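[1] no sequence on this one, just coordinates:
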């Protein structure tokens, strides 16, 4: 049997007071100076900061209006100016050599950095959502505004500034990252960086970075398709992508006319002598010993996994919720109380359940599944080879199939009609019953797979990558069209008789649904997606900002910066919002102020839209579908598919449908009734 001790359970420290113990290879970071109201984010919660407080890798600091805070990191000093939020992304120190490597993430605001003179092998970087500034001993300022434009000014020394390309950072395949194409792009980005010298400054514009990132995303997806053998040759020419990136506005340096005040402020930033931290007296612990059968069963304490098989732990005294579960066995749950002089000892043998399969059926459609939808007794599938198929939900029997050409948009259902766009830039309507074409209308621009037509009992609305927004009646006659002035890459939203359209220039347009007349437009920031609840709009941007907007005029109510990249829309329900990002984290936020309620790691990038049904979230990360308690609780179940999941989950009754990029459509049982043998 396996035996897991407390020493081997580093991931389980959240269960005891020993969570304050930090790894010994981190630089020491201490708040040395504070003016005004300053907060720090530690242990998944914001709290007030005080001078002398120690910060660790992963902690964040936020300054209110009029506030300032100095942080001493090893022998370097960083000043966080008012209305700023800074994350300590990496604080590494080699204890044998004293070498330091520091990386800071500035979400918004201004920081002054005064790192120590670095030697070979050391680094000090300040990153914003759009830029990276790296140095070797200097004094410099970094600003990141609400639009995510970055400005770097150097007072002394040199700073290397480059564009930050999220599409490169988020590559989760070693084969893709090591490919010749990606290496060429990385080399070009490095070559296009700028060395900023004393009394000079540079500005990195978010919109220009977004253009580069869009091109790189296309190339990365093309390389991934080759590496995964889904295509024989890359559909995107690397040389062309490099040329398009080279054509984007470069970073240029300019003279700073008068930086006397800034120099004086840097002179005020002094190293202070830090007292050695007082060692806390050891906390009396109690012992937990748990033996389980089968050995593969997972043991959870207070919702956190403690291991499998036989478990031996030393934990702080208190009440704990014990849960043991294994696939094919009944879940065991019990509340236990641990005392220093009274160990908890449990021998648990799980009751076996009748073997049941979560998969209802698994159908091969011979081509990657691009889009899926369901209605009534049927499931509709658009494939990569240009086929539109209808299958019976009960037994996967084929009802009809039609060659439509490549479907580029999502599938919209309504009025017993399927609506979708094709590669020839047409909006099509076909009968859900027979697949017979009903009408087809030419559009100015393409409609891509992040976009779907909006269908009502009276009209169909759709937008294109050339910025045209259309309204058609149910016979295919154009009611009106509107030019948003920039490409649209997200599905419009219909709210309170308004059509909300987000442009690639970062502007959000509110149009009257009946006439197409613009009511207002506001600048929200590049590349964002929307959700709506009780008179408030909620937007999540590609670059990690989440904001709440007043519906009437689009005024901002609050804004939150998350250290992630988002390509899917948020979900809102009750008093919370859920966002899931490319770093594999699901985050629950309070709708009133954007504060983080809970966070859960899935272990893979979330590329497909989330679905909510019956208080359960269905989220796919690479090849795994998770069913998670929507309130921010644990995973109810997960299913690993034999291929990457390429569609969002479709839920009807007790059935869940997903499409895979290897050409399979899978129907799962949402809930499995289990009984004893």
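    It's in. No experiment lies behind these values; they were computed from the predicted model shown.
[2] going forward, measure contacts and count neighbours with C-alpha atoms only.
    Will do.
[3] how about the helices in the stretch 401-550 of the chain?
    With DSSP state H, counting those that start in this stretch, there are no helices along the stretch 401-550 of the chain.
[4] Point out where it drops to low pLDDT.
    Counting by pLDDT under 70, the stretch 401-550 of the chain has low-confidence residues at 525-527.
[5] what about residue 245, helix or strand, and which?
    Using DSSP states H and E, residue 245 sits within helix 238-246.
[6] Relative to the whole chain's centre, how far out is the host helix or strand of residue 374?
    Element membership for residue 374 (DSSP H and E) is strand 369-375. Put simply, strand 369-375 sits 24 Å off its chain's centre (CA atoms, centre = their mean, to the nearest Å).
[7] Which elements pack onto that strand?
    Judged by 3 or more CA pairs under 8 Å, 6 or more residues apart in numbering; DSSP states H and E, the packing partners of strand 369-375 are strand 378-383, strand 412-414, strand 650-652, strand 655-659.
[8] least reliable of these going by mean pLDDT?
    Per-segment mean pLDDT for these reaches its minimum on strand 650-652, at a mean of 84.
[9] Residue 27: how many residues sit nearby?
    Neighbour count of residue 27, defined by other CA atoms under 10 Å: 25.
[10] I'd like to know the phi and psi angles of it, please.
    Here is the backbone geometry of residue 27 (degrees, to the nearest 10): phi -60, psi 150.
[11] and it, what does it touch?
    Residues near residue 27 by CA atoms under 8 Å, 6 or more residues apart in numbering: 73, 74, 91, 92, 93, 100.
[12] Distance-wise, check the residue lying closest to the first one once chain neighbours are set aside relative to residue 83.
    By that I understand residue 73. Of all residues not flanking residue 73 in the chain, residue 29 sits nearest, at 4.3 Å (CA to CA, 6 or more residues apart in numbering). Counting by CA to CA, to the nearest Å, the separation of residue 29 from residue 83 is 21 Å.
[13] Of these two, give the one with the bigger neighbour count.
    residue 29 (21 against 16).
[14] Any idea what the more buried one is bridged to?
    residue 55, residue 73 (DSSP bridges).
[15] rewinding a little: go through the strand holding residue 374 and flag the buried ones.
    Buried positions in strand 369-375, judged by neighbour count with 16 or more other CA atoms under 10 Å: 369, 370, 371, 372, 373, 374.
[16] same check, this time on stretch 176-193
    Under 16+ other CA under 10 Å, the buried positions of stretch 176-193 are 176, 177, 181, 182, 185, 186, 189, 193.
[17] re earlier: now, which of the buried residues of strand 369-375 sits nearest residue 512?
    Using CA to CA, residue 373 comes nearest to residue 512 of the buried residues of strand 369-375, at 28.0 Å.
[18] State the distance from the closest one to residue 380.
    Distance from residue 373 to residue 380, by CA to CA: 5 Å.
[19] Also residue 655?
    14 Å.
[20] Among the two, which residue is more densely surrounded?
    The residue with more neighbours, out of residue 655 and residue 380, is residue 380; 22 against 17, by other CA under 10 Å.
[21] and the more buried one, what are its bridge partners?
    Bridge pairing for residue 380 (DSSP bridges) gives the partners residue 373, residue 390.
[22] Surely it touches residue 387?
    No - contact between residue 380 and residue 387 fails when scored by CA atoms under 8 Å: they sit 10.5 Å apart.
[23] Can I get the contacts of residue 27 in CSV including pLDDT, distance to residue 113 and neighbour count?
    Putting the contacts of residue 27 into CSV (pLDDT from 0 to 100; distance: CA to CA, whole Å; neighbours: other CA atoms under 10 Å) gives the following:
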residue, pLDDT, distance to residue 113, neighbour count
73, 90, 11, 24
74, 85, 13, 21
91, 88, 15, 22
92, 84, 17, 22
93, 81, 18, 19
100, 85, 15, 24
